[in-house]
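Student: task: produce atomic coordinates for the following.
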Amino acid sequence: MKKPLLLTLIMLVMLAAGCQVKEKNSDQASAVTPEATAAATTEATETDTPTPEPTKEVQKTEILIAAAASLQNALEEIKPLYEGANPGVTLTFTFGASGSLQEQIEQGAPVDVFMSAALKQMSKLEGEGLILDGSKKELLENKVVLIVPNDSKLAITSFEDITKAKMIGLGDPASVPVGQYAEEVFTSLGNLEEVKKKATYGKDVTEVLTWVATGNVDAGVVYATDAKSSKDVKVVAEAPEGSVSKAIYPAAVVKASKIPDAAKAFVDYLATDEAMKIFENYGFIANK
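Tutor: This is a model prediction of the structure:
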């Protein structure tokens, strides 16, 4: 009887020992150390998180525009609209008499776009090969008008009456298109020589407008758009039909421009409905 009992006792001890070893191995297999957790997290992060693409830098482009003085107000309103729609693009303007700007381009001024108040100056640059082929647009039309100060007491109601003025403000016909148009009108009316005796010549149309607005001259010839921009002058007459050429405003890319594509894109924009609406608000007429 003792042998079977002893044998049974030995088997129970061995069975208990085997269960302890199995539990220990199971615990070791399921244990996760902090180091293992960190390593697994890093590996998962590196695998799952996409690598961000490098930020593309906006290319900066400055477009230099030489424009007739009578375009200043409209172009300054267009500037923030165009720059806002074209990140990285800056419009830089220089305003003056079309003839003076033409001469600067002929002398190599770093201009990308030329906007003239007459076809004459643009045509001359085209003839000299200084305008990029196919880039010219005859955008706008303006009207030539006679203005006097708001408080004028002179009986001036037509271009024929202008000789009643003691002093007359005109653009210099050598460089200012509106001065050339004025001479056309007075030549047609036959009173050019009498007008010249009383004329004071300004460097651009803006100067003539200022003279009339301040009363430094009794009357002046400007564009309808300039007259509209001042509350201190009034229009008394528009140039008689057939007495003057149409005042057409062309725009084109200067051939020497180093950014012809950007310059042409701006010229194209000037012909859009958005830009044309601004021009028309200042009194210009779309040339169709």
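
Student: who's in contact with Ala66?
Tutor: Contacts for Ala66 (Cβ atoms under 8 Å, 6 or more residues apart in numbering) come out as Phe93, Thr94, Gly96, Leu101, Gln104, Ile105, Ala109, Val111, Val113, Phe114, Met115. For the C-beta atoms, the positions are set from N, CA and C on the backbone; glycine is no exception.

Student: the protein: helices as residue ranges?
Tutor: 2-30, 34-48, 72-85, 98-106, 119-127, 177-189, 192-198, 205-214, 224-228, 260-270, 273-281 (DSSP state H).

Student: the fourth one to helix 119-127, inter-axis angle?
Tutor: Angle, helix 98-106 to helix 119-127, by axes from the mean of the first three to the mean of the last three Cα atoms, to 10 degrees: 10 degrees.

Student: can you show me the CA trace of helix 98-106 as PDB?
Tutor: Taking only C-alpha atoms (Å, rounded to 0.1, in the frame of the first residue of the first chain), the coordinates of helix 98-106 have been written out as PDB:
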ATOM      1  CA  SER A  98       3.000 110.100 -73.700                       C
ATOM      2  CA  GLY A  99       5.600 111.700 -75.800                       C
ATOM      3  CA  SER A 100       8.100 112.000 -72.900                       C
ATOM      4  CA  LEU A 101       7.500 108.300 -72.000                       C
ATOM      5  CA  GLN A 102       8.000 107.300 -75.600                       C
ATOM      6  CA  GLU A 103      11.400 109.100 -75.600                       C
ATOM      7  CA  GLN A 104      12.400 107.300 -72.400                       C
ATOM      8  CA  ILE A 105      11.600 103.900 -73.900                       C
ATOM      9  CA  GLU A 106      13.600 104.900 -77.000                       C
END
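
Student: buried residues, it. List them.
Tutor: By neighbour count on 16 or more other Cβ atoms under 10 Å, the buried set for helix 98-106 is Ser98, Gly99, Ser100, Leu101, Gln102, Gln104, Ile105.

Student: pLDDT and distance to Val205 added to the residues you listed, as a markdown table?
Tutor: A markdown table is the format used below for the buried residues of helix 98-106 (pLDDT from 0 to 100; distance: Cβ to Cβ, whole Å):
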| residue | pLDDT | distance to Val205 |
| --- | --- | --- |
| Ser98 | 96 | 10 |
| Gly99 | 95 | 12 |
| Ser100 | 96 | 12 |
| Leu101 | 97 | 13 |
| Gln102 | 98 | 15 |
| Gln104 | 98 | 18 |
| Ile105 | 98 | 19 |
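
Student: can you lay out those as TSV showing distance to Gly220?
Tutor: What follows is these, written out as TSV (distance: Cβ to Cβ, whole Å):
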residue	distance to Gly220
Ser98	18
Gly99	18
Ser100	19
Leu101	21
Gln102	23
Gln104	25
Ile105	28
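
Student: of all those residues, which comes closest to Thr214?
Tutor: Sorting these by how near they are to Thr214, with Cβ to Cβ, puts Ser100 at the top with 23.0 Å.

Student: list the contacts for that closest one?
Tutor: Ser100 neighbours (Cβ under 8 Å, 6+ apart): Ser175, Lys203, Asp204.

Student: next one: the second one from Glu126, what distance?
Tutor: It stands for Lys203. 25 Å (Cβ to Cβ, to the nearest Å).

Student: re the thing from before, scan the contacts of Ala66 and report the most crowded one.
Tutor: Phe114 (31 neighbours; other Cβ atoms under 10 Å).

Student: list the contacts for the residue nearest the centre of the chain?
Tutor: Nearest to the centroid of the C-alpha atoms of the chain, with distances taken as Cα atoms, centre = their mean, sits Lys79, at 3.6 Å. Shown here is Lys79, whose contacts under the criterion Cβ under 8 Å, 6+ apart are Leu91, Phe93.
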